[in-house]
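J.: Take this sequence and fold it.
(one chain, ligands or ions: 1)
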Amino acid sequence: MAIAPHPTPVPTRAAAVTASGRPGSPLGADRVRLTGGLLHDWQRRNRTVTVPHVVREVRGAGNLDNFRRLADPEVGDYRGRYPFLDTDVYKTLEGLAYELAREPEDAGEADAQAVARDFYEESVALIERAQRPDGYLGTFYQSPQSPKKPWQDLSWGHEMYNLGHLAQAAVAASRQLGDRRLLDVAARFADLVVERYGPEGEPAYCGHPEVEMALVELARETGDRRYLEQARLFVERRGAGTLEHTIFAADYFQDAVPLRELGSVTGHAVRMVYLAAGATDVALETGDAALVAHLERLWDDMVARKSYLTGGIGSRHSDEAFGDRFELPGERAYAETCAAIGTLQWGWRLFLATGRADVLDHLERVLHNAFAVGLSEDGAAFFYDNPLQRRPDHEQRSGAEKDGELLRRAWFGCPCCPPNVVRWMSELQDHLAVADDDSLTLALYASAAVSSPAIDVDVETDLPWHGRVAVHVRRATDDPATLVLRVPAWADGAAAAVDGVAVPERPTDGWLRLTRAWRPGQTVTLDLPMPVRAVTAHPHLDAARGTAAVLRGPLVYCVEQQDSPAPVDDLLLAAEDVPGLVADDDHPWHVLRGALAVAPPAGDDPYPPLGAPAAPATDRAHVALVPYALWGNREAGAMRVFLRLS
Ligand SMILES: [Zn+2]
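T.: Purely as a prediction, here's the structure:
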């Protein structure tokens, strides 16, 4: 039995975003439980491996000691280089709130939960004790060794970024466990921020957006509208150019122009998508249709011109930033794991605001590729940046093969990604379904037991490996209810049936709406064809010109050197070879097997004359293509998503 510490109110287990949007309200852990399949496996791995690993690393890195030492100077100096290391604790706590509220499925999960509970209790006590009487909380600036005073450096201080992650952890603890201790701490800190930077205060904002979406959630959980107004102010003020910038230009901070005038996503990618997520949250609560429309334009532009095939964002390593439109080099993709999570956060809110199925199609792409690749198959190592190509001599920031280390690393000096993965894995169920009084919308597919006001269903699917989704009606009312099923754009020729009889309805705008007087025992099947397919790149996407990549359903594939007898750089992808790539369902990764032509370079001349004949194919090689999310789990070697066209 999961113990909810100090359960003053009853936990609602409500979803991470408790907005009511156009398609309905998200169903939380009280209404959606993963029951099998890939996402269930991910969540179980998170619970049993990633959480204990991250807890151990956070302890070892000194993040908790930074809280402890404020009361006990014997503990030593502030540890770590950055002023935002408290957030690693907060993000972990956010995930733990969910995990402590879940029933363990076996003894292994119960053991892991005990580790999580110790960390949770110790952390909450330390956080409560570290808060200053005026509400301020940030162990870096509270440290006597701090080179600056609180609020002296809004550009780089991350103080409200810290508050944002604290508030998100606090809201999760309140909803999942009924534990309001962190909520009280977060509210006191937020009150201080409202006093300093509220309607009557200094018109300033934090260099790293994040607090905006957190304040909206804090308003939802506490009912205090001042926090929503504060979030709105932060969104509206940004772009005044008041953040001091010495290293990077103002657009790094999204501070060159107001968000409403921004023509395209820009600057530091994580900052940008966190800001956009917060702005979408504000618009959801204030009903600001113009802001939603603008955010849709920014989203569409990002998806079409600034996203990798994997859904990853950010192509510039120097400032972890978006590049220009179509500046998307595969081997230099930054595509930070946190930026994928920020995209999931923004996209989910945008879906709630608009009901757009294509936004979810993109989220599905991000989830199964740009996000999933950030974690090793065993659950205890992480990529920070996620390139689409690795040359034999490639240096990957998070994966340099030092001292025989594997490709992914156990931890980082700036460990923003690992605890971010923990919390998102814990919250997967919150982002699958929405409902209102007479409809249930299945937004993303996973095997799950789902309850909603109008209808309860059990969803069964083996996606992303196979394209069948079965929805078994478990409970229905006497009134007609609408089951709304997303038909992904990749599923050309999708077909649906109720109890084996094809339905007359056709999908509109990516949604299949089935309104019936449902009866328990009925089964809706949705067959989503997922043949192997290949795509090329837009002519302006120079880095991928003359290449093509292989996909199946939502999955992007790649070739790792160990699965090809010829150098991966010499493999050619021809349209006629694509149908010959067949999924091997006996392999745990369902790799695609087939034969591709091999064409080594004709010579060493780096710049042969225009018109010189291309090197002919000399051979054919039997290769395996692995899901991109799973690359780098064996020996290190070259890897390519985009293969040369024949
Ligand atoms: Zn990160």
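
J.: Surely residue 63 and residue 80 touch.
T.: Yes: using C-beta atoms under 8 Å, residue 63 makes contact with residue 80 at a distance of 7.1 Å. All C-beta atoms are positioned from the backbone trio N, CA, C, and that covers glycine.

J.: Could you tell me which residues of the stretch 301-450 of the chain lie near the ion?
T.: 336, 338, 416, 417 (C-beta under 5 Å from the ion).

J.: which residues does the nearest residue to the last one once chain neighbours are set aside contact?
T.: The shortest distance from residue 417 to any residue that is not its chain neighbour, by C-beta to C-beta, 6 or more residues apart in numbering, is 4.1 Å, and that residue is residue 337. For residue 337, the contacting residues are 370, 371, 373, 374, 375, 382, 383, 384, 386, 417, 420, 421, taking C-beta atoms under 8 Å, 6 or more residues apart in numbering as the criterion.

J.: now those in a markdown table, with pLDDT, secondary structure and neighbour count?
T.: As requested, the contacts of residue 337 are exported to a markdown table (pLDDT from 0 to 100; DSSP: H, G, I helix; E, B strand; the rest coil; neighbours: other C-beta atoms under 10 Å):
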| residue | pLDDT | secondary structure | neighbour count |
| --- | --- | --- | --- |
| 370 | 98 | helix | 30 |
| 371 | 98 | helix | 27 |
| 373 | 98 | helix | 27 |
| 374 | 97 | helix | 28 |
| 375 | 97 | strand | 26 |
| 382 | 95 | strand | 27 |
| 383 | 93 | coil | 23 |
| 384 | 93 | coil | 23 |
| 386 | 95 | coil | 31 |
| 417 | 96 | helix | 27 |
| 420 | 98 | helix | 28 |
| 421 | 98 | helix | 25 |
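
J.: tell me which of those residues is nearest to the ion?
T.: Distance to the ion, by C-beta to the ion, is smallest for residue 417 among the contacts of residue 337, at 3.5 Å.

J.: which residues touch that closest one?
T.: 336, 337, 338, 374, 382, 383, 384.

J.: try residue 60
T.: residue 411.

J.: which element is it on?
T.: Per DSSP states H and E, residue 60 falls inside helix 51-61.

J.: CA atoms of that helix as PDB?
T.: Output of helix 51-61 as PDB, limited to C-alpha atoms (Å, rounded to 0.1, in the frame of the first residue of the first chain):
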ATOM      1  CA  VAL A  51      14.100   6.400  -9.900                       C
ATOM      2  CA  PRO A  52      16.500   4.600  -7.600                       C
ATOM      3  CA  HIS A  53      19.300   5.500  -9.900                       C
ATOM      4  CA  VAL A  54      18.400   9.200 -10.000                       C
ATOM      5  CA  VAL A  55      17.800   9.300  -6.300                       C
ATOM      6  CA  ARG A  56      21.300   7.900  -5.800                       C
ATOM      7  CA  GLU A  57      22.900  10.300  -8.200                       C
ATOM      8  CA  VAL A  58      21.100  13.400  -6.700                       C
ATOM      9  CA  ARG A  59      22.300  12.400  -3.300                       C
ATOM     10  CA  GLY A  60      25.800  11.700  -4.500                       C
ATOM     11  CA  ALA A  61      26.000  15.000  -6.400                       C
END
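
J.: Surely residue 116 is in contact with residue 55?
T.: Yes: using C-beta under 8 Å, residue 116 is in contact with residue 55, at 6.7 Å.

J.: Return the residues in contact with the residue of the stretch 251-400 of the chain found nearest the ion.
T.: Closest approach between the stretch 251-400 of the chain and the ion, counting by C-beta to the ion: residue 338, at 3.0 Å. By C-beta under 8 Å, 6+ apart, the residues touching residue 338 are 270, 416, 417, 420.

J.: Contact partners for the second one?
T.: Just to be clear, that refers to residue 416. With C-beta under 8 Å, 6+ apart, residue 416 has these contacts: 84, 87, 88, 270, 338.

J.: and if we set it to 6 Å?
T.: If a contact means C-beta atoms under 6 Å, 6 or more residues apart in numbering, then residue 416 has residue 338 as its contacts.

J.: re earlier: and the residue of the stretch 251-400 of the chain closest to the ion, what's its pLDDT?
T.: If you check residue 338, the pLDDT there is 98.

J.: And what about it, helix, strand or coil?
T.: helix (DSSP: H, G, I helix; E, B strand; the rest coil).

J.: try residue 194
T.: helix.

J.: those helices in the stretch 201-350 of the chain, which residues are they?
T.: Assigned by DSSP state H, counting those that start in this stretch, the helices in the stretch 201-350 of the chain fall at 211-222, 225-237, 269-286, 289-305, 337-354.

J.: Of the ones you listed, which is nearest residue 92?
T.: helix 337-354 (14.1 Å; C-beta to C-beta).

J.: what's the angle from the first helix or strand past the closest one going along the chain to helix 337-354?
T.: Moving toward the C-terminus from helix 337-354, the next helix or strand (DSSP H and E) is helix 357-365. Per axes from the mean of the first three to the mean of the last three C-alpha atoms, to 10 degrees, the angle that helix 357-365 makes with helix 337-354 is 160 degrees.

J.: roughly how far out does stretch 154-172 sit from the chain middle?
T.: Chain-centre distance of stretch 154-172: 18 Å, with C-alpha atoms, centre = their mean, to the nearest Å.

J.: before we move on, what about stretch 286-293?
T.: Distance, centroid of stretch 286-293 to centroid of chain: 24 Å (C-alpha atoms, centre = their mean).

J.: Let me know the average pLDDT across that stretch.
T.: Here the average pLDDT along stretch 286-293 is 98.

J.: contact partners of the lowest-mean-pLDDT helix or strand in the chain?
T.: Least confident helix or strand of the chain, by mean pLDDT, DSSP states H and E, is strand 389-390 with a mean of 94. Applying C-beta under 6 Å, 6+ apart, the set of residues contacting strand 389-390 from outside is 330, 331, 638, 639, 640.
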